[in-house]
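Chemist: Here is a sequence with its predicted model. Questions after.
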Amino acid sequence: MTMNQSMEIALFLLLIILVLICLLCWEHRRRKEQQAYFHWLCESAKLYVFNYDSHRDIMYLSAACATILQLPETISSFSTATQQLTTPFAQVGINFLKQSMQNVDKTSNLCLTYDNSHTCFYRVTAHRFYDKNQKLRHTLGFFYDVTIEMKKEQRLERKAATDQLTGVYNRGAIHELIQLALRENTPGAFIMLDIDYFKAINDSAGHQAGDEVLRSIVRVIREHIRHTDIVGRMGGDEFCIYLPNVPSREFAQTLCERIRSAIPAGVTYGSQHHPVTMSIGCTLSKPTDNFTSLYSRADSALYQSKRQGRDKVTIDQD
């Protein structure tokens, strides 16, 4: 082989190497641009993306996702990450990702509570990808912030469950809450409260005076009950309280008497003063009770108080 031929071959090989290098550089640039575009797309759509490589046990997070969860963008040995990342919120972030991967091919709502007790809600979707041997290779997921939407729904739910005049639960909400409480099978007490001669107040002093009486009754009730107790307006001038985990019949009776005696003595509207009193009936829950049976006994006790002259407390003896 002549020297010229050797040089031609060397130049040809060098040209091939240069072409390959150019192709590799072009591919690397294309992938970087594709990745940059992907991140831009996620940022624009306000999506937080994660990709779990189950074969290598590595979790990859988009930059925004890593920021939100306060985690690194790459987490090696993800299955044992809680042992590596020991800050309190890192643990929360890891658990969030693990929860996200549980409900695959479904959309679920998850929340994150940050160190300052600020809570955000996220809507999460995850999908699994398998190789040709049906072995799991990747779990790709994304989530986005739905905090405003969820809080709006919560406000609407609260509004739907709340009596607009007094701010306590309405009859429908009370029914559902007490049904749920009864499933706990713990001793409880159900109290019915009714303002005596309320129609006379409305007729003579007007509905504005009557509304103020209703609001003042609620203020008194709230001052005397525990934060775990449930208070609602059944309609008109009739209120109810459910006391879960009542220690004794005496506890319920003492509370009823305390509320009755704390009711404002009367309402003055214009030049007229109207006395205000309240009749109360109470019953203790039984293991077989539902809302209807509980309400029936408390209502009977309430009307016994009214038959005995009103402004009284009656505890059902059944």
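Modeler: Looks like it came in fine. Residues are numbered from 1 along each chain as shown.

Chemist: quick one: low-confidence parts of the stretch 51-200 of the chain?
Modeler: Scanning the stretch 51-200 of the chain for pLDDT under 70 picks out 115-117, 154, 156-158.

Chemist: Revised request: answer the last question for the stretch 201-318 of the chain.
Modeler: 266-272.

Chemist: 90 instead, please
Modeler: By pLDDT under 90, the low-scoring segments of the stretch 201-318 of the chain are 201-217, 225-228, 235-236, 245-249, 251, 263-276, 287, 316-318.

Chemist: Which residue ranges of it form strands?
Modeler: 230-235, 238-244, 266-269, 272-275, 278-284, 313-315 (DSSP state E, counting those that start in this stretch).

Chemist: Just list what the second one packs against, helices and strands only.
Modeler: Other elements packing on strand 238-244 under the criterion 3 or more Cβ pairs under 8 Å, 6 or more residues apart in numbering; DSSP states H and E are helix 171-182, strand 188-195, helix 207-224, strand 230-235. (C-beta placed from N, C-alpha, C; glycine too.)

Chemist: can you check the fourth one too?
Modeler: Helices and strands touching strand 272-275, as assessed by 3+ Cβ pairs under 8 Å, 6+ apart, comprise helix 198-205, strand 266-269.

Chemist: partners of it, with directions?
Modeler: Note on strand 272-275: by DSSP bridges, its sheet partners are strand 266-269 (antiparallel).

Chemist: buried stuff in the helix or strand harbouring Asn51?
Modeler: In this assignment (DSSP states H and E), Asn51 forms part of strand 48-53. Within strand 48-53, the residues that qualify as buried are 48-52, counting by 16 or more other Cβ atoms under 10 Å.

Chemist: longest strand anywhere in this structure?
Modeler: Of all segments of type strand in the chain, defined using DSSP state E, the longest is strand 119-130.

Chemist: which parts of the next helix or strand after that one are buried?
Modeler: Where DSSP H and E defines the elements, the next helix or strand beyond strand 119-130 is strand 136-145. Using 16+ other Cβ under 10 Å as the test for burial, strand 136-145 gives 138-143, 145.

Chemist: for stretch 57-71, same thing?
Modeler: For stretch 57-71, a neighbour-count test (16+ other Cβ under 10 Å) marks 59-62, 65-66, 68-71 as buried.

Chemist: which one of the residues you listed is nearest Val276?
Modeler: Closest to Val276 out of those is Ile68 (54.0 Å), distances taken as Cβ to Cβ.

Chemist: what's the farthest-apart pair in the buried residues of strand 48-53?
Modeler: Longest span within the buried residues of strand 48-53, Cβ to Cβ: Tyr48 and Tyr52, 13.9 Å.

Chemist: neighbouring contacts of stretch 217-233?
Modeler: 163, 165-171, 173-174, 177-178, 181, 193, 195, 214, 239-245, 255, 258-259, 262-264, 278 (Cβ atoms under 8 Å, 6 or more residues apart in numbering).

Chemist: do the same with stretch 49-69
Modeler: Contacts to stretch 49-69, defined as Cβ under 8 Å, 6+ apart, come from residues 39, 42-43, 47-48, 71-79, 81, 93, 96-97, 100-101, 112, 135-142.

Chemist: Out of the buried residues of strand 48-53, which comes closest to Gly309?
Modeler: Checking those against Gly309 by Cβ to Cβ gives Tyr48 as the nearest, at 66.1 Å.

Chemist: Now that closest one: closest residue in space that isn't a chain neighbour?
Modeler: Cys65 (3.8 Å; Cβ to Cβ, 6 or more residues apart in numbering).
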